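Chemist: Fold the following, please.
(one chain, ligands or ions: 3)
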Amino acid sequence: MAKYVYDFTEGNRNLKDLLGGKGANLAEMTNLGLPVPPGFTITTEACRHYLAEGSVPDGLDQEVAGHLEALESQIGRSLGQADDPLLVSVRSGAKFSMPGMMETVLNIGLNDESVHGLAKQAGGNERFAWDSYRRLIQMFGKTVLGIDGDLFERALDALKGKRQDTDLDTGELQGLVETYKGIVREQTGKDFPADPREQMRLAVMAVFDSWNAPRAILYRRQERIPADLGTAVNIMAMVFGNYGDDSGTGVAFTRDPGSGRQGIYGDYLQNAQGEDVVAGIRNTIPLEDLERLDKDSYDELLGIMRTLENHYRDLCDIEFTIERGRLWMLQTRVGKRTAAAAFSIATQLVDQGLITMDEAVTRVTGDQLAQLMFPRFDGGAPKKKIAKGMNASPGAAVGKAVFSSERAVELSEQGEDVILVRRETNPDDLAGMIAAKGILTSRGGKTSHAAVVARGMGKTCVCGAEELEVRTAEQRFIAPGDVVVSEGDVISIDGTTGEVFLGEVAVVDSAVVEYFEGAEPDDELVRAVDRVMRHADGARRLGVRANADTPEDAARARRFGAEGIGLCRTEHMFLGERRQLVEDLVLAATDADRQAALDALEPLQKSDFTGIFQAMNGDPVTIRLIDPPLHEFLPDIVDLSIKAAKDEATEKDHKLLTAVKRLHEQNPMLGLRGVRLGLVIPGLFTMQVRAIAQAAKEVPGSKAEIMIPLVAAVQELEAVREEAVKILADVGVEALIGTMIEVPRAALTAGQIAEAAEFFSFGTNDMTQMAWGFSRDDVEAAFFSRYLDLGIFGVSPFETLDREGVGRLMEIAVAEGRAARPDLHLGICGEHGGDPDSVHFCHEVGLDYVSCSPFRIPVARLEAGRAALAETDSDTR
Ligand code: ADP
Ligand code: MG
Ligand code: MG
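Modeler: Ligands and ions are numbered 1, 2, ... in the order given. Prediction:
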């Protein structure tokens, strides 16, 4: 028969799935011999059954009754017994900590009779007994009976006036209990349930139900905690911090969760119970002052904290209560910490001999590292918030508001810091985005153009700040309250929180980025990061390359640890002044005209590549031949039509308009682009290949890899390959020729394609779009939040690689590609290459490298190391 209840002596910390974190750790502490009030845990399995079926599983009631009986005989009192009651708490506790999100009820077992018994038990302390009773009705009323908690709060406030809760005397507390009972009667039409067992049973179900409280659901979504785990319920004997001044309750950390430093960190509140200490009802005292109040308990507590740290080999946080000079442990867990503390603690624990360097690497995450790489606002600085948008790309940026890409470039060339403000950005804003310190948009979500590009560049971005009315033509925006910000006015944006501030807020630079840029590690945090990174690099099997299109990006990527370029896009090289040449190419009426346009482009392309080869100094550079449809390089159809209508169009404008109309596509994503362009426009790809070959020849030691995009069939690749091989031979250089695997058909026919490809690079952005059949730019605003609500995916498949679908295609391509060509080199160059979970997947399917934007390279290095160590790490946590 299923077992749904575990005594604290039966569990241990590895049973978090079943007992929840709180229950598992209470059991662990019990078995360590620490002073934990006795109790037992109802499993998450029982909760899942209850939530699915609407009733508790068969046998649970009897099992709980059995454990309660054992608890009663251990303590020598029975639950709610009139003359000498046992009281219990009923506490939630899921696998992952969800602080304060679910319910807990204290002092269960009190009623009009047992309150007298409790007073007697406490040596005639009537005040304490009635204080406990009013607390029970208040907590039970709110969490179990669903009464608005403010009703109780208001009654308490009215009674207290300016006094504190501890100033209320017995008579007043008795009156308060009557008032509370009245509120219960009025709100529910029933009396407060006096039967202790009934109280306990109802509280257990209320804790189960609290798993699906709206705030719990919201928290889970934010923290990416699965929705179907359920919570355990812990029932334990009460101990009392509200006896009087010789009692109290507190919280503590075994070291500073902000910096990782060892020391005494905690708060204590005399004559208090449960949440009082964090609820701020009275001023707490620093934990070190407990030494003065109760030296024995204090010393014992410090000893226990050392025991816990050595046992868990990590920072722990704890909750404790002192009852008349006796210390009780009520909770512990491996504590949350800031990103900076995570690195410091991991290396400190190594130095203390508690963990190995391998473990230290697994104790920090790429997300934490990324957080340390962004500048941030000084927490104490004064701020005037004017709007809030989405936290699209973290960091802090301050500058003058500008409303066009050109102005951004102009002002930044004059040495000004600017924030580019747009309704939304498009590829033409790129120069302005690069020039700006930060980007602010009023439209678009976390996968909008602005957000994706900014994240890739490691640039601060707040997007979709819908309260802002951006009037680009007037060069200003209007914030709520008629705040007008015009070009040149200074604003500050926080990409970590999505907040927008008026004026300048002080910013602190990231020392970690300075370190990656080459500075000597000179403070504790940076030294910790340095040690962790070195160890991760030594452990990882995946190579890490960069997506970089310019010599500057390439150079930075190399400083950040890139071992090559996995994706050099060539389309940016056709923008700006060179648009002219693309227009000539499109408008070419004869073969000769077309060749002339290509001939003009070739030397420009060659010098682009020379710069990148030089920057990479002999490391491989994968260059992707032109990918987007050519109409992306032409003027906007609307602009041209207006010009034509106004009779302002030149002869060329008319020709362009005709061309734009001819090239217009319903579905550009699936249109004339990638390898199809190379096959349809004679000379385009060969021009690029020749430019690459000549550049490679000019820079000795350079390693070029030519990559063909959007291939779906081996025949496409063979056609391009044949010409490319000839050109390479002509120029007299060697280069690998390979393909992107981004069209599902390519993955499914990878065995054939590998016959013509020396390497594969997975283009998982396009592959995600095509596998799901939706276009990134259209779907996010339209229905992604609904899909997240429905649990169709837990996280956008554009952020984290969809293992089941897109991942499956990759697995097929890896297996069949390697079967056909054992030395096939495999990488990924989609945005996913810098996403922690996706990096782990790439490690697992056996890719040779991941490629990501320069700023994500340290993250990818760290996660690649963690992925390799996770394989060998049996049980470290
Ligand atoms: P949360 O998960 O929100 O922290 P808890 O279940 O930890 O909720 O309960 C909140 C507080 O109630 C605890 O920190 C502790 O101070 C108090 N508490 C819980 N159980 C008991 C108990 N058996 N005796 C005394 N205090 C308790
Ligand atoms: Mg707690
Ligand atoms: Mg693509």
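Chemist: Look up phi and psi at the residue of the stretch 151-300 of the chain found nearest ligand 3.
Modeler: Residue of the stretch 151-300 of the chain nearest ligand 3, by CB to the ion: R224 (27.0 Å). Any C-beta I mention is one placed from the backbone N, CA and C, and that applies to glycine too. R224 adopts backbone torsions of phi 60, psi 40, taken as degrees, to the nearest 10.
Chemist: all numbers from here: first residue = 2
Modeler: Sure thing, new numbering starts at 2, so read that last one as R225.
Chemist: what sits against it?
Modeler: Neighbour list for R225: 795-796 [criterion: CB atoms under 8 Å, 6 or more residues apart in numbering].
Chemist: Could you check the pLDDT of it?
Modeler: According to the prediction, R225 has pLDDT 75.
Chemist: now do G281
Modeler: With respect to pLDDT, G281 scores 62.
Chemist: now M140
Modeler: Note for M140: predicted pLDDT of 95.
Chemist: State the distance from it to P701.
Modeler: From M140 across to P701, the span is 77 Å (CB to CB, to the nearest Å).
Chemist: okay, those two: which has more neighbours?
Modeler: Remark: of M140 and P701, M140 carries more neighbours, 23 against 8, as counted by other CB atoms under 10 Å.
Chemist: so what's that one closest to, chain neighbours aside?
Modeler: V106 (5.0 Å; CB to CB, 6 or more residues apart in numbering).
Chemist: So that neighbour sits against G142, correct?
Modeler: No: in this structure V106 lies outside contact range of G142 using CB atoms under 8 Å: 10.0 Å.
Chemist: Looking at those two, which is more packed in?
Modeler: Higher neighbour count among V106 and G142: V106, with 27 against 23, using other CB under 10 Å.
Chemist: Quick check: neighbours of the helix or strand hosting the more buried one in the sheet, parallel or antiparallel?
Modeler: In this assignment (DSSP states H and E), V106 forms part of strand 105-109. Next to strand 105-109 in the sheet, as set by DSSP bridges, lie strand 89-95 (antiparallel).
Chemist: and the strand it pairs with, does that touch ligand 1?
Modeler: Yes: for strand 89-95, a contact with ligand 1 is found by CB under 6 Å from any ligand atom, at 90, 92.
Chemist: Any stretches of the stretch 752-878 of the chain with poor pLDDT?
Modeler: 873-878 (pLDDT under 70).
Chemist: Then the stretch 202-351 of the chain?
Modeler: Counting by pLDDT under 70, the stretch 202-351 of the chain shows low-confidence ranges at 223, 279-282.
Chemist: Up against ligand 1, what does it have?
Modeler: Going by CB under 6 Å from any ligand atom, the residues of the stretch 202-351 of the chain near ligand 1 are 237-240, 250, 275-276, 320, 322, 331-332.
Chemist: rewinding a little: next, the residues that contact the strand holding V106 from outside, please.
Modeler: Strand 105-109 has contacts (CB under 8 Å, 6+ apart) with 80-81, 88-93, 133-134, 136-137, 140-141, 144-145, 197, 200-201, 204, 207-208, 239, 274-275.
Chemist: returning to what we had before: most neighbours out of the residues of the stretch 202-351 of the chain next to ligand 1, which is it?
Modeler: Highest neighbour count within these: T250, with 28 neighbours (other CB under 10 Å).
Chemist: Confirm that that residue sits in a helix.
Modeler: No: counting by DSSP: H, G, I helix; E, B strand; the rest coil, T250 is located in no helix; its state is strand.
Chemist: For it, which non-adjacent residue is spatially closest?
Modeler: Spatially, and ignoring its direct neighbours in sequence, T250 is nearest to G242 (3.7 Å; CB to CB, 6+ apart).
Chemist: Neighbours of the one you found, how many?
Modeler: Using other CB under 10 Å, G242 has 26 neighbouring residues.
Chemist: Report the secondary structure state of it.
Modeler: coil.
Chemist: That one reaches Y269, doesn't it?
Modeler: No: between G242 and Y269 there is no contact under CB under 8 Å: 9.6 Å.
Chemist: hey, what's in contact with both of these two?
Modeler: 249-250.
Chemist: what about the strands in the stretch 552-701 of the chain?
Modeler: Under the criterion DSSP state E, counting those that start in this stretch, the stretch 552-701 of the chain contains strands at 566-570, 621-625.
Chemist: For the first one, what does the pLDDT average out to?
Modeler: The predicted model assigns strand 566-570 a mean pLDDT of 97.
Chemist: Tell me the gap between that strand and the middle of its chain.
Modeler: The chain centre lies 26 Å from the centre of strand 566-570; the measure is CA atoms, centre = their mean, to the nearest Å.
Chemist: Could you list the paired strands of it along with their orientation?
Modeler: Paired strands of strand 566-570, with direction, are strand 544-548 (parallel), strand 621-625 (parallel) (DSSP bridges).
Chemist: what sits up against the first one?
Modeler: Spelled out, it's strand 544-548. So strand 544-548 is contacted by 457, 554-555, 558-559, 561-570, 621, 623, 828, 830, 834, 849-855, 858, 861-862, 865 (CB under 8 Å, 6+ apart).
Chemist: now, which of those lie within helices?
Modeler: 457, 554-555, 558-559, 858, 861-862, 865 (DSSP state H).
Chemist: So which of those residues wins on neighbours?
Modeler: When neighbours are counted by other CB under 10 Å, A861 leads the ones in helices among the contacts of strand 544-548 with 31 neighbours.
Chemist: contacting residues for it?
Modeler: Residues near A861 by CB under 8 Å, 6+ apart: 367, 543, 545, 834-835, 840, 851, 853.
Chemist: repeat that with 6 Å
Modeler: Each residue near A861 by CB atoms under 6 Å, 6 or more residues apart in numbering is listed here: 545, 835, 840, 851, 853.
Chemist: next one: V240
Modeler: V240 makes contact with 38, 322, 324, 329, according to CB under 6 Å, 6+ apart.
Chemist: Quick one: the helices in the stretch 402-551 of the chain, in order.
Modeler: If DSSP state H, counting those that start in this stretch is used as the criterion, the helices of the stretch 402-551 of the chain fall at 406-414, 431-436, 450-458, 512-517, 525-540.
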